[in-house]
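Enquirer: The amino acid sequence is not available; the structure is as follows:
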Ligand code: SAM
Ligand code: SF4
């Protein structure tokens, strides 16, 4: 088992398949011109499988594929099928634009749950946020997943002045659809123009919802990073991921592998461990994995030791979100 200094058992690995994407969400892509990692520097399909096996051998039983956009990788289907044979619960976070091409293979791979990112229910705002006119396609693909009985979580990054006025429309969506909306506080990453006044907090989200709905708190699972709620009588639920205003690091069980094969022990870790080069050199990965997790900080990569209101994005050393894998 992979256990850190704070007795947190790490059984959940997120693997980024690529730092490339077919959308251009301004809060995720860095501001400056960004050169995507050349294919030779990315983990190849067989390398992903082998490195994932090193983790499952150490007790990892949940893998989430992410990116960038995982489904734009040409060999995404091969990777998904190979990982589905491991003793893990396999899930995926996607922007939803390619779901219709993959839905059959998701079923073949035994995938039951997916996270789809959708920050707005308005086509024009979708275009403004992602710089691509794909709202109708994403929305249709969500319906397709629901028709096929997938468990669908909708990731909504809430940004003050952009989409905080749509929170209750998302909650209304949960009335007749079994969608599980997850409101995510806007987080700072390299080049994403984060400022503390754009964060719409857990408290503000709950106050907004309580104006229109009665809220019931649902029991959270041990390693849950999201606080779950529902409106009584609604088919779906909603949850809030309050990384900035009320971080939830004490139950963290996550590790992240970037598309170029670097292990990050936290979304906000400065340090990375190069597992891909070690693997290509024939080294054992287990000691490197243990060492990385032993060095994990109690919270937020040891980087945010102040209230988020006093935080300056420039002080945080990290990659952009698209190169980490959310
Ligand atoms: N392309 C896929 C997608 O959009 O779902 C997977 C990768 S994306 C980096 C994973 C998640 O991170 C998405 O739900 C996205 O909204 C979220 N995300 C990206 N930048 C963020 C930020 N600055 N703050 C909070 N969440 C962010
Ligand atoms: Fe692409 Fe997802 Fe980032 Fe948007 S959030 S740019 S869809 S990786």
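Expert: Ah, there it is. What you see is a predicted model; the values in this text were computed from it and never measured. Residues are numbered from 1 along each chain as shown. Ligands and ions are numbered 1, 2, ... in the order given.
Enquirer: Would you mind naming what in the stretch 201-326 of the chain lies close to ligand 1?
Expert: With Cβ under 6 Å from any ligand atom as the criterion, the stretch 201-326 of the chain meets ligand 1 at residues 321-322, 326. In this view, the C-beta of every residue, glycine as well, is placed from N, C-alpha and C.
Enquirer: My error: substitute the stretch 1-150 of the chain in the last question.
Expert: 21, 27-28, 66-67, 69, 93-95, 117.
Enquirer: mind checking pLDDT for residue 260?
Expert: pLDDT recorded at residue 260 is 95.
Enquirer: I should have written residue 2 there, sorry.
Expert: The predicted local confidence for residue 2 is 95.
Enquirer: Check the gap between it and residue 297 for me.
Expert: 16 Å (Cβ to Cβ, to the nearest Å).
Enquirer: With residue 186 instead?
Expert: 22 Å.
Enquirer: Endpoints of stretch 240-247, how far apart?
Expert: Stretch 240-247 has an end-to-end distance of 11 Å (criterion: Cα to Cα, to the nearest Å).
Enquirer: thinking again about what came up before, looking at the residues of the stretch 201-326 of the chain next to ligand 1, which is nearest ligand 2?
Expert: residue 322 (4.8 Å; Cβ to the nearest ligand atom).
Enquirer: all strands of the protein, in order?
Expert: 12-16, 62-66, 89-94, 113-117, 151-158, 179-185, 216-217, 227-230, 237-241, 254-257, 262-264, 273-274 (DSSP state E).
Enquirer: returning to that earlier point: would you format the residues of the stretch 201-326 of the chain next to ligand 1 as TSV with neighbour count included?
Expert: Output for these, formatted as TSV (neighbours: other Cβ atoms under 10 Å):
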residue	neighbour count
321	23
322	28
326	21
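Enquirer: which residue packs closest to the one residue in the chain that gets nearest to ligand 1, ignoring adjacent ones?
Expert: The minimum distance from the chain to ligand 1, using Cβ to the nearest ligand atom, falls at residue 326 (2.6 Å). Nearest residue to residue 326, sequence neighbours excluded (Cβ to Cβ, 6 or more residues apart in numbering): residue 66, at 5.8 Å.
Enquirer: measure the one you found to residue 171 for me?
Expert: For residue 66 relative to residue 171 (Cβ to Cβ), the value is 25 Å.
Enquirer: Show the contacting residues for residue 131.
Expert: Contact analysis of residue 131 by Cβ atoms under 8 Å, 6 or more residues apart in numbering lists 23-26.
Enquirer: which bits of the protein sit near ligand 2?
Expert: 21, 23-25, 28-29, 67-69, 95, 117, 130, 322.
Enquirer: would you turn these into CSV with pLDDT?
Expert: Shown next, in CSV, are those (pLDDT from 0 to 100):
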residue, pLDDT
21, 93
23, 94
24, 92
25, 93
28, 90
29, 84
67, 91
68, 93
69, 96
95, 98
117, 98
130, 94
322, 79
